[in-house]
Structure formats: C-alpha cells, structure tokens
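S.K.: quick one: sequence plus predicted model below, questions after.
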Amino acid sequence: MQNKDIQKIELAYKSRDIVALKNIAKPTIREINKSNNFRSALMLSCSNIKHLSKIESLEADCIMLNLEDGVSKEDKPFALVLCAIFISKIKKSNKKLVVRVNALDEGGYEEIKYLNKFMPDAIRVPKISNAEEVKSVLDISDEDIELHLSIETTSAWRNLSTLGFNKRVSTFYLGILDLFADMKLSQALINRDNPTMQYILSHFLISCKSMGVKPVSFVYQEFRNLQEFGMWIELEKSMGYDSKGCISPDQVKLVNEKFVDEEEVLNRARRIIKLFEEHKKDGITGFVDEKYGFIDEPIYKGALSIMKK
C-alpha cells in the first residue's frame, strides 16, 4: 500500500470519521490461502495502522488480525473497518490472514457478516461453546472462508470432540489462560513439568488430530523470556505440535526456527530446483508456482545451497 493511501486512512481514523473509513474499504474478491502449514501465528491489533501496514513484511506464517483483546470498546467499530481495508489490499498472500472477531454475543456475528465482503482466509471465533454455535457461524459466513475456533471455555473443552464436524472447521487454538480461569484452575499450574498442563496439551493435540483439525498451542505471555519460550516449543514439538501462537517478532523467529520440518525443507528445495531448470530450458527464469510462490534465480540458488548442506 502506498504512503498516500496510508496517510488518508490515518487521517480518517484520527478524526474518528467512520464514514470516511468505510468509503475506503472496498469489497473485494481475494485468492484464499488454503494452506494450513503455518508454524507461527502472530497476533496483530487491528487498531494499530502502523502494524497493519507491515503485514506483508512480517516473518510470521499466519497473521492473526485481532478485533477482540486489546481493542477498546470505543475503537472496535474502527478496528473492524481498518481490518477490512488492509485485507482488501492484499489480493493474494502466502501468509494465512485470519481475523479473530469478538465473542458471538458481543458483536461477533455482525463482524463476520461484514467481513464476508473482504474475504479473509479464515475467521477465528473466541469463546465458542458448542456445535450449535459453530453451525450458526458456518451458516452466515462465506463458504470459501475457513472457520478457526478458540478453545478457551469449559464448555468448549467438554464439547471438543464435537466441534470439528465440518471440513471448513480447520484449526483450533488453545487459549490456556482463559480456559484455566473458566475451570477455576490456578495459573501456577501452567509450567512444563506440571502433569495437568501436560495432559491438557496432549488431550488437545490428540483430539484435534483425530478430527483432522490443526492444533495451535497457546500464546506464552512473557514475550521477553525467550529461553523459557524456547523450552515450551521443544516440549510441544516432542508431543507432535507444529504451530504456536505468538505476540512478538522474536517469538515468531524462534517458532519458525524450531518448528522446521527438515524433510519438507528438502522436498521444497528439490521441487524448486526441478521447476527452475525445466523453465530455464524455455528461457524463463522467473515464474510463479502454485505451491511455492514466486521462483527466480536467487530462490533457485538458495535451494541448491540447501541440498549441498
């Protein structure tokens, strides 16, 4: 997005002109990113224009556009439109663009209906309780948009095995702090050696896998403590997790480093080498692959270096 466009958005936002913002938000048809191979899911506040303008340059595999926590009640209508504007400007992305709406009884239904016109890759619903609520969201959301669920209430945990009944329900996020609060469990139990915590991680993972749903592990709030964060990743990786929520770029970097599928990296490199050499015979040294995106000579050389390691 050009600087003049961002300045126009900032002016409307700072002057609290919701009509002007809505006029900038143009409904669009996006190419939905169907891939669910993301490792890092970075939370991004939809009330922060500076952060929204950097979506495409962020290292995270999945961008969680947040309308819920951290957005004041007064700012939520503006955040919703800002979210729509920035999504509509990205017609195609190799990042998963997911919008976390507010709870269904706190404006979530209305937000989903509005966002249908801007085609995020997925909608994430917090505070979900049961399959009936899931069905109600599927009924009002565009059939091309995936549905992601936050598992953070006692009722969601109790009904976990019933929530992934539709193929559009593709991803669950473990909301550990809210879940423990709702279950009246002490947050002191959230440590790597605690058997209750290990059971929750294991049960969540296996339940998701048995439904064909992607499990994303919880957000670690102490974002400056990267050593402890890294040890959580090692534990979760040993259990079978391949994805984790993040709240800082440093956390993203660590997740991406540790949740590397070595075999997939090698397969990707082999495929890029093969594709580039096939295209080069026809005089083409820059092209777009459906799975791996844009491939040119520097990408090709990077793939060669991986195979030489």
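M.R.: Yep, that arrived.
S.K.: low-confidence regions, the stretch 201-309 of the chain specifically.
M.R.: For the stretch 201-309 of the chain, residues meeting the criterion pLDDT under 70 lie at 309.
S.K.: I'd like the distance between the residue nearest in space to the middle of the chain and residue 263.
M.R.: For the chain, the residue nearest the mean C-alpha position is residue 62 (3.7 Å; CA atoms, centre = their mean). Distance, residue 62 to residue 263, by CB to CB, to the nearest Å: 21 Å. Every residue, glycine included, has its C-beta placed from N, CA and C.
S.K.: now residue 71
M.R.: Look at residue 71 and residue 263: by CB to CB, they are 40 Å apart.
S.K.: list the contacts of the lengthiest helix in the chain.
M.R.: The single longest helix within the chain, with elements called by DSSP state H, is helix 262-280. For helix 262-280, the external contacting residues (CB atoms under 8 Å, 6 or more residues apart in numbering) are 37, 285, 287, 289, 291-292, 295, 297, 299-300, 302-304, 306-307.
S.K.: same thing but 6 Å
M.R.: Outside helix 262-280, the residues within contact range by CB atoms under 6 Å, 6 or more residues apart in numbering are 287, 289, 295, 300, 303, 306, 307.
S.K.: residues in contact with the third one?
M.R.: Right, the one you point to is residue 295. 272, 276, 287, 289.
S.K.: can you check the fourth one too?
M.R.: Residues in contact with residue 300, defined by CB under 6 Å, 6+ apart, are residue 276.
S.K.: mind doing that once more with 8 Å?
M.R.: Shown in contact with residue 300 (CB under 8 Å, 6+ apart): 272, 273, 276, 277.
S.K.: likewise residue 118?
M.R.: Contacts of residue 118 (CB under 8 Å, 6+ apart): 25, 27, 28, 30, 83, 84, 87, 88.
S.K.: return the closest of those with respect to residue 97.
M.R.: residue 87 (6.0 Å; CB to CB).
S.K.: and the closest one, helix, strand or coil?
M.R.: helix (DSSP: H, G, I helix; E, B strand; the rest coil).
S.K.: please say which of residue 71 and residue 263 ends up with more neighbours.
M.R.: residue 71 (20 against 8; other CB atoms under 10 Å).
S.K.: can you pull out the strands in the stretch 101-250 of the chain?
M.R.: 122-125, 146-151, 169-174, 214-216, 244-246 (DSSP state E, counting those that start in this stretch).
S.K.: what sits up against the third one?
M.R.: Read it as strand 169-174. 36, 41, 122, 124, 134, 138, 146-152, 160, 163-164, 200-201, 204, 208, 213-218, 245.
S.K.: out of these, which are buried?
M.R.: For those, a neighbour count by 16 or more other CB atoms under 10 Å gives the buried set as 36, 41, 122, 124, 134, 146-152, 160, 163-164, 200-201, 204, 208, 213-218, 245.
S.K.: what is the burial count for the nearest residue to residue 249 once chain neighbours are set aside?
M.R.: Take residue 249 and drop its neighbours on the chain: the residue closest to it by CB to CB, 6 or more residues apart in numbering is residue 59, 6.7 Å away. Residue 59 is flanked by 13 other residues according to other CB under 10 Å.
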